[in-house]
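[1] Here is my input, please return the structure:
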Amino acid sequence: MDQHQEAVEDPEQDLSSRDASYVLRLDEIANLAAEGGKPAETLMNVVALIAGRFGTDVCSAYLLEPDRANLVLAATLGLRRECIGTLRMGIHEGLAGLVAEQVRPVAVEQVKKHPRFKYFKESGEDAYQSFLGVPLVDRGVLQGVLVVQTVEARAFPEDEIRMLIEAATQVAPVVSEARTLDRFIVPSQERLWALARNLWWSWDHDSAGLFHDLDPVRWRELNHNPVSLLGEFPLAKLETRAAELVLHSRINYAYRRLLEYQEADRTWGARHAGILRTRPVAYFSAEFGLHESLPVYSGGLGVLAGDHIKSASDLDIPLVGVGLFYGQGYFRQRLDRDGWQHEEYLETDVTHLPMETAIGKNGQPVVVQIDTRAGSIRAKVWRVKVGRCDLFLLDSDVEGNHPHDRELTSRLYGGDRRIRIRQELLLGVGGLRALRQLGIQPGVLHLNEGHSGFAVLDAVRMRMEDEDISFERAVPRVSREVVFTTHTPVPAGHDRFDADLIEEHLGPLRDSFALSKESFLGLGPENPTVAKLFCMTVLV
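    This next block holds a predicted model:
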């Protein structure tokens, strides 16, 4: 295309004019929508416009199906039109799947040399050499993938990638509308998946009864997990089963009640907690007992935290939960013939859980990093819908972490004191930094037990930087926004760490406060006259 050739031939061209040659303007999308009349038609017009603007042979839009594990081709210029609505791929296969899996752009000059390359013969894509795909994200939720391809091998420069990301941002609302209004997805399937991916169903008897009635035996065998259950139902089988049991009216009723629940504005929270709308409560807990199919709890503390977030949802109190995702959960117990207890840890398949990658205010997956004296710890963030509330779970199983740190969040309450302090560093400091990346500025920090106590230290650091004030002035400003509750008022329920562990993990944070080691340890002394142990409960 001439515009693209000019950009290549004239590297000194003003960037703003180059931007204008690529990016779709909002009025162009509006005009296309008016011409098409339907989101699917709009999508077809949009991909044609993008292909022309970027000078590519192919432009395609793939929509994420309700199971959030598969993509379906929804619009294309360049691939075979008859594949629209029928070409499906898992997010764990192909390059388009890689974009959805990682929620980030993927650019490949020679696709056949890439380990994730998969040839879908029916689409007629064998002639195309290069690939550029970007995620389509609307209001923080992945909706699909936008892809451009060329016959000739082409290395996409950074500015072209950035421009396609910008185009995808403008197109994403159209994609979101196409997913819900056009019938790429059967209504009953879509509505069941919407119910399964919001844990509201777990305390709504009618919704839970729907999943039970689909297959009572498998429902029990799958630990009452609707995501796993629906994953076993092909579309035809699901429709047949719903027709046999006359479930369609019940599905529609449950789905309508979920929408009414989420959209209600005459709630207790609307009347009495409106001040928290812009700055919600951030509720930190080491475990959340929401349902047995999400095994990130061990007992009473988790059940308390789960009930707390459910109650906040029912009352419509602005609240977000912050916790850790334990890949192996808490151990399961069994007794042998001699009466001895044995522990079993089972690996959790995240594709069978109602979780999705948390997307930050910059449109990218949230990844937090915490520096220690011994290196840094990184974590990705999962988002779980709990009625009207969001629960964010940090997961240390990410590239760039030391192998030991990748297993840091694998088990709840496992390991030695060093593992425990690193888990609590992720929960408190990492959790607060994740909220900032998400664009959430809490008005209240509610710490359920001392496990998340380090959050108050990072809140002080943030206040010092944001307001350019000293440590001494920041502390009282933060303290009046902190609420602490304890569930275990016995010595074993309160973590203590020695001075060396504190310095290793909190040393960089201490440096930002310009405090001596002795002064810093003085923030958490259980008994200053005895051994110098730092007590998390005393800290908060």
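[2] Phi and psi next, for the nearest residue to residue 351 once chain neighbours are set aside.
    What sits nearest to residue 351 in space, not counting adjacent residues and going by C-beta to C-beta, 6 or more residues apart in numbering, is residue 69, at 5.6 Å. (C-beta placed from N, C-alpha, C; glycine too.) Residue 69 adopts backbone torsions of phi -120, psi -10, taken as degrees, to the nearest 10.
[3] now swap in residue 355 and tell me
    Listed backbone geometry of residue 355 is phi -120, psi 150, with angles given as degrees, to the nearest 10.
[4] cool, residue 437 as well?
    In this entry, residue 437 is assigned phi and psi values of phi -60, psi -30 (degrees, to the nearest 10).
[5] If I look at the residue nearest to residue 351, what pLDDT would I see?
    pLDDT for residue 69: 84.
[6] Look up how far residue 359 lies from it.
    18 Å (C-beta to C-beta, to the nearest Å).
[7] neighbour-wise, which of those two wins?
    residue 359 (22 against 17; other C-beta atoms under 10 Å).
[8] Is that one in contact with residue 104, as I believe?
    No: using C-beta atoms under 8 Å, residue 359 and residue 104 do not qualify as a contacting pair, with a distance of 10.6 Å.
[9] Start and end of stretch 403-410, how far apart?
    Its first and final residues considered, stretch 403-410 spans 12 Å by C-alpha to C-alpha, to the nearest Å.
[10] quick check: mean pLDDT across it?
    Looking at stretch 403-410 alone, the average pLDDT works out to 92.
[11] Give the buried residues for that stretch.
    Applying a neighbour-count criterion of 16 or more other C-beta atoms under 10 Å, one finds 405, 406, 407, 408, 409, 410 buried in stretch 403-410.
[12] List of residues touching it?
    324-328, 345, 377-379, 394-398, 401, 419, 422-423, 426 (C-beta atoms under 8 Å, 6 or more residues apart in numbering).
[13] quick one: residue 331 and residue 132, what's the gap?
    45 Å.
[14] With neighbour numbers in mind, choose between the two.
    Taking residue 331 and residue 132 together and counting by other C-beta under 10 Å, residue 132 has the greater number of neighbours (25 against 17).
[15] Need the phi and psi values for the more buried one.
    phi -140, psi 120.
[16] Let me know whether it touches residue 161 as I believe.
    Yes: applying C-beta under 8 Å as the test, residue 132 and residue 161 come out as touching, 6.6 Å apart.
[17] For residue 166, grab phi and psi.
    Its backbone dihedrals place residue 166 at phi -60, psi -40, with angles given as degrees, to the nearest 10.
[18] Kindly tell me how buried it is, as a neighbour count.
    Counted with other C-beta under 10 Å, the neighbours of residue 166 add up to 16.
[19] got a pLDDT number for residue 184?
    At residue 184, the model reports a pLDDT of 49.
[20] Use 324 as the first number for this chain going forward.
    Got it, first residue is 324 now, which makes that one residue 507.
[21] still on that earlier bit, quick one, what contacts the residue nearest to residue 674?
    The neighbourhood of residue 392, defined by C-beta under 8 Å, 6+ apart, consists of 413, 414, 415, 554, 674.
[22] any idea how far residue 416 is from it?
    For residue 392, the distance to residue 416 equals 11 Å [C-beta to C-beta].
[23] And residue 588, by the same measure?
    Computed as C-beta to C-beta, the residue 588 to residue 416 distance reads 42 Å.
[24] Same check on residue 468?
    Between residue 468 and residue 416 the distance is 13 Å, computed by C-beta to C-beta.
[25] If you count surrounding residues, which of the two has more?
    Using other C-beta under 10 Å, the more surrounded residue of residue 468 and residue 416 is residue 468, with 29 against 15.
[26] Make sure I have this right: the more buried one is in a strand.
    Yes: the assignment for residue 468 is a strand, going by DSSP: H, G, I helix; E, B strand; the rest coil.
[27] Okay, and which of the contacts of stretch 726-733 map to helices?
    Secondary structure from DSSP state H places 742, 745, 746 of the contacts of stretch 726-733 in helices.
[28] most surrounded residue in those?
    Ranked by neighbour count (other C-beta under 10 Å), these have residue 746 at the top, with 25 neighbours.
[29] That one: what's it in contact with?
    Remark: with contacts taken as C-beta under 8 Å, 6+ apart, residue 746 is in contact with 609, 647, 731, 732, 774.
[30] Repeat that for residue 790.
    Contacts for residue 790 (C-beta under 8 Å, 6+ apart) come out as 797, 800.
[31] same thing with residue 424?
    For residue 424, the residues meeting the contact criterion (C-beta under 8 Å, 6+ apart) are 414, 415.
[32] how close does it sit to residue 457?
    Plainly put, residue 424 is 13 Å away from residue 457 if you go by C-beta to C-beta.
[33] And residue 737, by the same measure?
    As it turns out, when the distance is counted by C-beta to C-beta, residue 737 lies 39 Å from residue 457.
[34] quick one: which of those two has more around it?
    Set side by side, residue 737 and residue 457 show unequal neighbour counts under other C-beta under 10 Å, the larger going to residue 457 at 26 against 18.
[35] Adjacent strands (with direction) for the one helix or strand the more buried one maps to?
    Secondary-structure assignment from DSSP states H and E places residue 457 in strand 453-461. Applying DSSP bridges to the sheet, strand 453-461 is found paired with strand 429-431 (antiparallel), strand 464-473 (antiparallel).
[36] What are the boundaries of the strands in the stretch 624-773 of the chain?
    In the stretch 624-773 of the chain, the strands defined using DSSP state E, counting those that start in this stretch lie at 642-647, 655-658, 664-667, 678-680, 690-695, 698-709, 712-718, 767-771.
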